[in-house]
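okay, here's the prediction I keep looking at, along with the sequence it came from:
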Amino acid sequence: MTTAPLVILGPTASGKSDVAMALAGRHGDAELVAVDAMQVYRRMHIGTAKPSTADRAAVPHHCLDLVDAAGEFTVTDFAAAARQALAGIADRGGRAVLVAGTGLYLRSVTDPMEVPGRWPGVRAELDVRVGVEGVEALHRQLGGLDPVAASKMEPTNTRRVVRALEVALGSGRPFSSFGPGVDTYLPAPFVQFGLRWPRPLLAERIAERVRRMIDGGLVAEVISLNQGPISRTARQALGYKELFDFLDGACTLDAAIETIITRTRQFAVRQERWFRRDPRIRWIDIDNDPVATALPVLESAWQNSN
RNA sequence: GGUCGAGUAGCUCAGUCGGCAGAGCACACGCCUGAAAAGCGUGGGGUCACCGGAUCGACGCCGGUCUCGACCA
């Protein structure tokens, strides 16, 4: 008897947390694992739509509040934390329900990703060289060291070019020799469901949710974060970045809110695009009530894969 | 009512001397290996407010109409 972890994934505001709570309400052995790159930060609650304390008291949640908002956090850190959480749940005889919005983080759990290490010295040197020589020059060098990786990225994509060169120079191995890459989908012991909305409806939900966050005190949360240090990654989170700009006097509150809504909508599309490539995901189409629509499907999966 | 200004992509606006209609944003599509709510790429979109005129040729010049704004009465 296997108890394959269930995955409920979808774009922001798709209702996956509500669905997961409803499912957990019917199964006392369910434990939720948040697969979300921003909910790992402490002191960032409202803007990350983190599960409420009431929900967290009612059902065990994992992978929330793993690091302070001033701390650095990476995919590798997440993969380690999530694997540990899954092991713990299995030991207790529970069943994991992953609630996933961050595609890369989910892949780091469902797939055997071999993420290369870091070479800070090499990296620092490359960061300087980018400014002096330009990205294209670094891309040409990457082409000599690792033609496969170089051909798979735009010569103008500084982030990817620098990272691939960092790994190639630091490790002495081609970047492309680390694992199969995210475009390979192997069979995985996870049963994955995606919540899919018509875009106009999801856009409405996003706008409503952003306004609810503002009414719920998001500005105060950001002001409080603004008092002390905050990591680069946490600072650019949707809803935070724009309010930091507002607090700096760069725009009005209304303009900041509109920007948050637009960017969140764009983010939701990016999430869709990431997830929809994965042939292992079964999609549940929703146009009104996520819980009513998705719960029966998940219930049936819960039974069948037990 | 008069004067002046404006009207070009969904939005904000460029468009030189009359010679193939442009940008940013938005939108669509694709990519993504220690920052991923990040980063990068590709693309579709036009009755140049409307009607007429002169010209080989008009978004542009001429006449008229409409709409918006400012100012004057």
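Thanks, I have it. Numbers count the residues shown, from 1 in each chain, chains lettered A, B, ... in the order given.

on the three-state scheme, the closest residue to RNA strand B within the stretch 201-306 of chain A is what?
Closest to RNA strand B within the stretch 201-306 of chain A is residue A:238: 3.2 Å, counting by C-beta to the nearest atom of the strand. Bear in mind the C-beta positions are built from the backbone N, C-alpha and C, glycine included. Look at residue A:238: counting by DSSP: H, G, I helix; E, B strand; the rest coil, its state is coil.

residue ranges of the strands in chain A, please?
A:6-9, A:30-35, A:61-62, A:95-100, A:191-196, A:281-285 (DSSP state E).

quick one: which of these is nearest residue A:245?
Nearest to residue A:245, of all the strands of chain A, is strand A:30-35, at 27.1 Å by C-beta to C-beta.

do the closest one and RNA strand B meet?
No. Strand A:30-35 stays clear of RNA strand B (C-beta under 7 Å from any atom of the strand), getting no nearer than 9.2 Å.

could you work out the end-to-end span of stretch A:146-162 for me?
End-to-end distance for stretch A:146-162: 13 Å, by C-alpha to C-alpha, to the nearest Å.

near RNA strand B, which residues of the stretch 51-200 of chain A?
So far as C-beta under 7 Å from any atom of the strand goes, the stretch 51-200 of chain A lies against RNA strand B at A:73-77, A:101-105, A:113-118, A:152-154, A:156-160, A:163, A:167, A:175-176, A:178-183, A:199.

buried among those? Make that a ChimeraX selection.
Applying 16 or more other C-beta atoms under 10 Å to these, the buried members can be selected in ChimeraX as follows:
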select /A:73,75,77,101,102,103,105,113,116,153,158,160,163,167,175,176,178
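
quick revisit: would you agree the residue of the stretch 201-306 of chain A closest to RNA strand B is in contact with residue A:261?
No. Using C-beta atoms under 8 Å, residue A:238 and residue A:261 do not qualify as a contacting pair, with a distance of 9.8 Å.

longest single helix anywhere in chain A?
helix A:253-275 (DSSP state H).

what's the closest non-adjacent residue to the spatially most central residue of chain A?
Centroid-nearest residue in chain A: residue A:102, 2.1 Å away (criterion: C-alpha atoms, centre = their mean). Excluding its sequence neighbours, the residue lying closest to residue A:102 (C-beta to C-beta, 6 or more residues apart in numbering) is residue A:37, at 4.3 Å.

where does that neighbour land on pLDDT?
For residue A:37, the model assigns a pLDDT of 98.

where does the stretch 201-306 of chain A have low pLDDT?
Per-residue confidence for the stretch 201-306 of chain A (pLDDT under 70) gives these ranges: A:306.

what does it put close to RNA strand B?
So the stretch 201-306 of chain A meets RNA strand B at A:232-233, A:236-239, A:262-267, A:269-271, A:273-274, A:276-277 (C-beta under 7 Å from any atom of the strand).

list the buried residues of the longest helix of chain A.
A:256-257, A:259-261, A:263-265, A:267-268, A:271-272, A:274-275.

just to revisit the earlier point, how many neighbouring residues does the residue nearest to residue A:102 have?
Using other C-beta atoms under 10 Å, residue A:37 has 20 neighbouring residues.

how close does it get to RNA strand B?
Look at residue A:37 and RNA strand B: by C-beta to the nearest atom of the strand, to the nearest Å, they are 3 Å apart.

got a list of what the residue nearest to the centre of chain A touches?
Residue A:102 makes contact with A:35-37 under the criterion C-beta atoms under 8 Å, 6 or more residues apart in numbering.

residue A:199 too?
Under the criterion of C-beta under 8 Å, 6+ apart, the contact list for residue A:199 reads residue A:269.

try the one 4 residues further on
Going by C-beta under 8 Å, 6+ apart, residue A:203 touches residue A:265.

do the same with residue A:244
Shown in contact with residue A:244 (C-beta under 8 Å, 6+ apart): A:222, A:226, A:235.

thought residue A:243 was touching the last one, still the case?
No. In this structure, residue A:235 sits apart from residue A:243 without contact. The criterion is C-beta under 8 Å, and the distance is 10.7 Å.

which residue packs closest to residue A:137, ignoring adjacent ones?
Closest residue to residue A:137 apart from its sequence neighbours, by C-beta to C-beta, 6+ apart: residue A:129 at 7.6 Å.

what does the model give the one you found for pLDDT?
According to the prediction, residue A:129 has pLDDT 95.

for residue A:153, give me phi and psi.
phi -140, psi 150 (degrees, to the nearest 10).

pLDDT wise, what is the closest residue to it other than its chain neighbours at?
Sequence neighbours aside, residue A:160 is the residue nearest to residue A:153 in space, at 4.5 Å (criterion: C-beta to C-beta, 6+ apart). pLDDT recorded at residue A:160 is 96.

wait, isn't residue A:160 in contact with residue A:146?
No. Judged on C-beta under 8 Å, residue A:160 makes no contact with residue A:146 at a distance of 11.9 Å.
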